[in-house]
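K.L.:
the amino acid sequence is not available; the structure is as follows:
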Ligand code: NAP
């Protein structure tokens, strides 16, 4: 059995995982998208991680998607809209029964991947860790957090969780990964689009209590309709406390828009609206928010899906 962790995507979160696994002596191999990125990586001299102001560079081995070695364990660290295409490029190397860990935010991409590669076991991850790219292959660990892992419908924990202990990667196995992902999605839908539309920090949303109240009520209805009653409980209270706790921060969607990058809106607010439609729910505040956000993104020539 090949125990190497193949990390697809050496961006913020992929870099954070790869460097911690590598420095702990766990076999890890990064897969970069093309020869140009391979040359860029070599020029950068490796992958650097900055934690608590201290930077270290790690020569994590890299390869291209068409390398010959079989893949038994794949950590997919691309954005939700890139994940399927990226996996397709390495799919011929996936062995039967391989494990695919999906770090993507929101929902939709994970289910599509699980349906497309039924010969692999897909583990969904909900991460509240924070990392960003200072420059290419220069990762900053910006926020402590947790990684919840789970596989819908399966209880048995994979043996490789021991590698995460060795690498000091915070994690917990949960039988309710869908609840965790839906809850995070709902919080994101309540906060992130409003910070984009109002061009503001999270804390500035204190000025919109009625809109937040309506959104949280509708999001709770969406969660209940999709059998996520636990995830619906206390949603508004948690949204308000996150707004307080992160008052000075700009949301990830706000940062994406400010930097002219595509957002993951289709897997967040888009997913909530599609689910509401499937269940014939009346959610005018959510649909209006989606329309405003799409118009805003169109006006800035950014993809609205
Ligand atoms: P990111 O910094 O943009 O990194 C994405 C990486 O995927 C990039 O390095 C990109 O390569 C690579 N990639 C895309 N297509 C590829 C392909 N076909 N083959 C190989 N590599 C490919 O994104 P991120 O912030 O790490 O986010 C990844 C996911 O984690 C997102 O769903 C995000 O919402 C979620 N998440 C992130 C954080 C965080 O703090 N960053 C926290 C929680 C959840 P290039 O460098 O060549 O463009």
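P.N.:
Yep, it's here. All figures in this text were calculated on a predicted structure; none of them were measured in a lab.

K.L.:
contacting residues around the residue of the stretch 51-200 of the chain found nearest the ligand?
P.N.:
Ranked by Cβ to the nearest ligand atom, the top residue of the stretch 51-200 of the chain for proximity to the ligand is residue 105, at 3.0 Å. Where C-beta positions appear, they are placed from N, C-alpha and C, glycine not excepted. When the contact criterion is Cβ atoms under 8 Å, 6 or more residues apart in numbering, the partners of residue 105 are 80, 127, 184, 185, 188, 252, 264, 267, 268.

K.L.:
sec struct for it, please.
P.N.:
Under the three-state scheme (DSSP: H, G, I helix; E, B strand; the rest coil), the conformation of residue 105 reads as coil.

K.L.:
can you give me the strands in the stretch 51-200 of the chain?
P.N.:
Secondary structure of the stretch 51-200 of the chain, counting by DSSP state E, counting those that start in this stretch: strands at 54-58, 62-63, 71-76, 94-102, 121-127, 130-135, 138-143, 147-150, 172-173.

K.L.:
pull up the pairing partners for the last one, direction included.
P.N.:
When pairs are called by DSSP bridges, strand 172-173 turns out to pair with strand 147-150 (parallel).

K.L.:
you'd agree residue 123 is up against residue 153?
P.N.:
No. Between residue 123 and residue 153 there is no contact under Cβ atoms under 8 Å: 11.9 Å.

K.L.:
the more surrounded of these two?
P.N.:
When residue 123 and residue 153 are compared for neighbours, residue 123 comes out ahead with 24 against 7, by other Cβ atoms under 10 Å.

K.L.:
got a pLDDT number for the more buried one?
P.N.:
Looking at residue 123, its pLDDT stands at 98.

K.L.:
who's it bridged to?
P.N.:
Here residue 123 sits in beta bridges with residue 101, going by DSSP bridges.

K.L.:
state the distance from it to residue 177.
P.N.:
Note on residue 123: its distance to residue 177, by Cβ to Cβ, to the nearest Å, is 8 Å.

K.L.:
are there residues contacting both of these two? Which ones?
P.N.:
Among the neighbours of residue 123, those also in contact with residue 177 (Cβ under 8 Å, 6+ apart) are 149, 150, 151.

K.L.:
residues near the last one, how many?
P.N.:
Put plainly, it is residue 151. Burial measure for residue 151: 20 neighbouring residues, criterion other Cβ under 10 Å.

K.L.:
ok, the first one next?
P.N.:
Residue 149 is flanked by 22 other residues according to other Cβ under 10 Å.

K.L.:
could you do the second one as well?
P.N.:
Residue 150: 22 surrounding residues under other Cβ under 10 Å.
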